[in-house]
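[1] What would the 3D arrangement of this be:
(2 chains)
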Number of protein chains: 2
Amino acid sequence: MTDRILLAHGSGGRLAHRLVDEAVIDALRNPILDRLDDAAVLELEGRIAFTTDSYVVSPIFFPGGDIGRLAVAGTVNDLSTSGARPRYLSLSLIIEEGLGRSELARVVSSIRATAEEAGVVIVTGDTKVVERGSVDRLYINTAGIGEIPAGVDVSGRNARPGDRVLLTGPVGDHGIAVMSVREGLRFGTSLVSDCAPLGGLVADLLAACPRIRCLRDPTRGGLATTLNELAAQSGVRIVVEEEKIPVRDEVAAACEMLGFDPLYVANEGKLVAVVDPRDAERVLAAMHAHPYGKDAAIIGRVENGPSGRVSMETRLGTTRLVDMLIGDLLPRIC
Amino acid sequence: MTDRILLAHGSGGRLAHRLVDEAVIDALRNPILDRLDDAAVLELEGRIAFTTDSYVVSPIFFPGGDIGRLAVAGTVNDLSTSGARPRYLSLSLIIEEGLGRSELARVVSSIRATAEEAGVVIVTGDTKVVERGSVDRLYINTAGIGEIPAGVDVSGRNARPGDRVLLTGPVGDHGIAVMSVREGLRFGTSLVSDCAPLGGLVADLLAACPRIRCLRDPTRGGLATTLNELAAQSGVRIVVEEEKIPVRDEVAAACEMLGFDPLYVANEGKLVAVVDPRDAERVLAAMHAHPYGKDAAIIGRVENGPSGRVSMETRLGTTRLVDMLIGDLLPRIC
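    Next up is the predicted model:
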C-alpha cells in the first residue's frame, strides 16, 4: 500500500473506488452521501441559491487555513451573501499523481471541520487523478445549494443613494498570509488568513435587519473590486473613507514591501454590506456581536452617479478614484 | 488584444471580468446568469437531484465531441440516471495561461449547443486562469440540479432478483474515439464518441415505465464497473450474456490492438437500465424509438447472490467473473 496517490486511483475502477471510499467518503460520512448514486436526492422548498467556485490556491496549506477550508468557506460565503441559508455542497477533487495520502487526509479533515462549522453537508462528489505535471498538486471545486428565507432579497443590484457601506473587519489578511509562504517569496509574519464560513454571521445580520440590500465577500480583486461590482450592478456611485477601512499593521507593512494596495488584496472571511442609513447602526452592532465581525466599521456611503464609479476620500483630504484591479496582482490566491 | 488567455485574465480584476463577460457570459446569456450575483436564485419544488463532475479529458477536442459537450452531457446524464429532469448547471473553468481564445470560444459554443439540446440553463459559474504547466490546457467542472417527478424512485439500490438488464447501445465508443487522437498513439478510425445528453431518452423511458428500478451511465470503468456498482449497491448478482452486448467492429479491433476489454472502456452516451421482467419489452421498445437507444438490447438478468458479483455467459458457453477494473486503463478519458 503506497502512501502516495497513483494514477490508477483515478481510473474509475476498484483502486479509485477504494481511494474515494477510504480517503473521502469515510471522513465525510452522512446518510445522503452514503447512497452512492450518481446524484444526491434532496428535499428543498421555495427559492434556492446555487453557486460554484474552483479553488487553485498555491500552496495548498497556508497560515490559518488550507485549500479544503477555503473550498468550503468560499462557496458557503457565496450562498450566504445571496441571503441564503447554506445547506448542501458538492465536492470535486482533481489530484496530481504523487500527492501524499496524508496530505489528502489533512485536506479532507479540514473540509469536514469547516462543513461542520458552517452547518452544511457534503452530499455528492467526484475524484479525478491526473498524471504528474497536469495539475499543481490539488484543485478543488465545490458547488453549493442554500435556501433563501421568505422576504429576503439580497442582491448586488439593490444599493440606493443614501445607503451606508459596512465592512466586517480588516482587509488583505488572506492574500498576504498566502503570499508569506509562497515559494520564492517567503517572509516572516504572524499573520493568518481570515478564511472562514460566514453563514452564522449573515444569519445574525439578517435577524437584526431582514431588509439588508447587498452582501458580498471581497475575495479575488479585494475590497476595491467588490465595491466596483456593487456600484456597477446597482448603477450608483460608492464613496469610501480611507481612514475608516481597517488594515492590520502586518498587512500594511507587507503591502508596502511588495508594492501592493491592500484594497486589492483578497479576503476570505470578510463581508461588505450595504444597508439603509436607518439600519446602519443596528447592523453594525450585530456585526460587533459576532466573532467574525468584531472589527466591523461603517466605511462609506452610496451616492447618485456617476454610475459604477467608486471613489475614496483619503487621509490627506483628497478624493481619488478606486478602479477595479486591471491586470494581475496575486495569481492563485484562492 | 492578444488571441491567447493571459494569467491576468484570472486575477479577479477588470481583465478577468472582460474575459468572462466576452468569452463566457455573452455566449451563455440568460436572465438568471445575467444577474451576476455570487449565487443564482432558482425556484424549485419537491425532491431535487444534485450532482457534480470535473472533466479533465485529453485532448480537449476529439472525434464526436469536446470537453465542453462532455461536461454538459456528463452532468446532465448523472441527473437523468437519478430519475430527475435536468434543469440548471453551474460551469467552472480552470484555464491554462496561453490557451487560444478561439479554442475557448469553440468549447463555450459547444457548451451552449449541448445545454440547448439537453434543455438545461447555465446559471452560475467561475473562471480561474493558472500559470503554464499548472493545468493541462483546460479543465471544466459542472454541477447540476434536476427535479425528480413525484412517484419516481430510481436508484442503484433497487435491483431485485428476476429483473432484466438493458443497455441502450454499443459499448466503448467514447474511450476508443479519444484514444484514437491521443498524442503518441493516434490511429485511424471512423469512430466517433457517443458523448450525448440523455435526458430526452430517460424522459421517454420513464413515460413508458415510471417504475424503472435503476439507471446508470457506464462512463469511467465502463459497463463492467457500472454492473459491479449496481450489484454491490443492491446486494444482488448480475449475469450478462456476452453475445447480447453490442460492440462496434472498430471498437473491437482497436481493443484487440491496444489490449483492452471493451467492457471496461468508457461510454458517454449510453444507459444501463434495470427493470422488472414484465416491463423489459416495453422499456426496450421505448429505447429503440429514440435515436440514442436505437441499438438497445436486453443483455442480462439479476439473480440472487453471491451479493455484488457480476458474471458473464461467454460465446463459448462458459461463465466468467466480470470484476471491476482494478488498475488503470485509460487515464483522462473524461
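[2] Enumerate the residues of the stretch 201-334 of chain A near chain B.
    Taking Cβ under 8 Å from any Cβ of the partner chain as the criterion, the neighbours of chain B within the stretch 201-334 of chain A are A:216-217, A:219-222, A:225, A:229, A:233, A:264, A:266, A:323-332. Where C-beta positions appear, they are placed from N, C-alpha and C, glycine not excepted.
[3] Now, of these, which are buried?
    Buried by 16 or more other Cβ atoms under 10 Å in any protein chain shown: A:216-217, A:219-222, A:225, A:229, A:233, A:264, A:266, A:324-325, A:328-332, out of these.
[4] Out of these, name the ones that lie in strands.
    A:Arg216 (DSSP state E).
[5] now, which of the residues of the stretch 201-334 of chain A next to chain B lie within helices?
    A:222, A:225, A:229, A:233 (DSSP state H).
[6] want to try CSV for those, with pLDDT as columns?
    Compiled in CSV, those are given as follows (pLDDT from 0 to 100):
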residue, pLDDT
A:Gly222, 95
A:Thr225, 94
A:Glu229, 95
A:Gln233, 95
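[7] Out of the residues you listed, name the two that are farthest from one another.
    Distances among these were taken as Cβ to Cβ; the most separated pair is A:Gly222 and A:Gln233, at 17.2 Å.
[8] A:Leu6 and chain B: what is the separation?
    Relative to chain B, A:Leu6 is positioned 8 Å away (Cβ to the nearest Cβ, to the nearest Å).
[9] So what does that residue have for phi and psi?
    Note on A:Leu6: backbone dihedrals following degrees, to the nearest 10 are phi -100, psi 160.
[10] My understanding was that it contacts A:Ala16; is that so?
    No. Using Cβ atoms under 8 Å, A:Leu6 is not in contact with A:Ala16; the gap is 9.8 Å.
[11] Looking at the two, which is more packed in?
    Counting neighbours by other Cβ atoms under 10 Å in any protein chain shown for A:Leu6 and for A:Ala16 shows that A:Ala16 has the greater number, 25 against 17.
[12] any idea how far that one is from chain B?
    A:Ala16 is 7 Å from chain B, by Cβ to the nearest Cβ.
[13] Check A:Arg157 too.
    Distance of A:Arg157 to chain B, computed by Cβ to the nearest Cβ: 7 Å.
[14] what does A:Arg101 give?
    Distance from A:Arg101 to chain B, counting by Cβ to the nearest Cβ: 17 Å.
[15] what's the answer for A:Phe187, then?
    Spatial separation of A:Phe187 from chain B under the definition Cβ to the nearest Cβ is 21 Å.
[16] Name the nearest residue to that residue, sequence neighbours excluded.
    A:Ser180 (5.5 Å; Cβ to Cβ, 6 or more residues apart in numbering or on different chains).
[17] is it true that the one you found touches A:Val192?
    No. At 9.5 Å, A:Ser180 does not count as touching A:Val192 under the criterion of Cβ under 8 Å.
[18] which neighbours do the two share?
    Overlap between the contact sets of A:Ser180 and A:Val192, as judged by Cβ atoms under 8 Å, 6 or more residues apart in numbering or on different chains, is given by A:Pro63.
[19] Please identify which of the two sits among more neighbours.
    A count of neighbours by other Cβ under 10 Å puts A:Ser180 above the other of A:Ser180 and A:Val192, at 20 against 16.
[20] Run through the residues that contact that one.
    For A:Ser180, the contact set (Cβ under 8 Å, 6+ apart) comprises A:62-63, A:186-189, A:191, A:254.
[21] And for A:Ala84?
    If you count contacts by Cβ under 8 Å, 6+ apart, A:Ala84 has them with A:48-49, A:146-148, B:39.
[22] In terms of helices and strands, where is the nearest residue to it once chain neighbours are set aside?
    Nearest non-adjacent residue to A:Ala84, counting by Cβ to Cβ, 6+ apart: A:Gly146, 3.0 Å away. Taking DSSP states H and E as the criterion, A:Gly146 maps to strand A:138-147.
[23] That strand packs against which elements?
    Contact partners of strand A:138-147 among helices and strands, from 3 or more Cβ pairs under 8 Å, 6 or more residues apart in numbering or on different chains; DSSP states H and E: strand A:47-55, helix A:67-80, strand A:85-96, helix A:101-118, strand B:47-55, strand B:85-96, strand B:138-147.
[24] could you say which helix or strand contains A:Val165?
    Counting by DSSP H and E, A:Val165 is part of strand A:164-167.
[25] what lines up beside that strand in the sheet?
    strand A:272-275 (antiparallel), strand A:297-303 (antiparallel) (DSSP bridges).
[26] what about the helix or strand just after that strand and chain B, touching?
    Scanning forward in sequence from strand A:164-167, with DSSP H and E defining helices and strands, the next element found is helix A:173-179. No. Counting by Cβ under 8 Å from any Cβ, no contacts exist between helix A:173-179 and chain B, the nearest distance being 10.5 Å.
[27] quick one: helix A:173-179 to chain centroid distance?
    Centre-to-centre, helix A:173-179 and its host chain are 13 Å apart (Cα atoms, centre = their mean, to the nearest Å).
[28] buried set for stretch A:172-190?
    Residues of stretch A:172-190 classed as buried by neighbour count (16+ other Cβ under 10 Å): A:172-180, A:189.
[29] partner strands of the strand holding A:Gly146, parallel or antiparallel?
    strand A:47-55 (antiparallel), strand A:85-96 (antiparallel).
[30] between that strand and helix A:67-80, how many degrees?
    Inter-element angle recorded for strand A:138-147 and helix A:67-80: 30 degrees (by axes from the mean of the first three to the mean of the last three Cα atoms, to 10 degrees).
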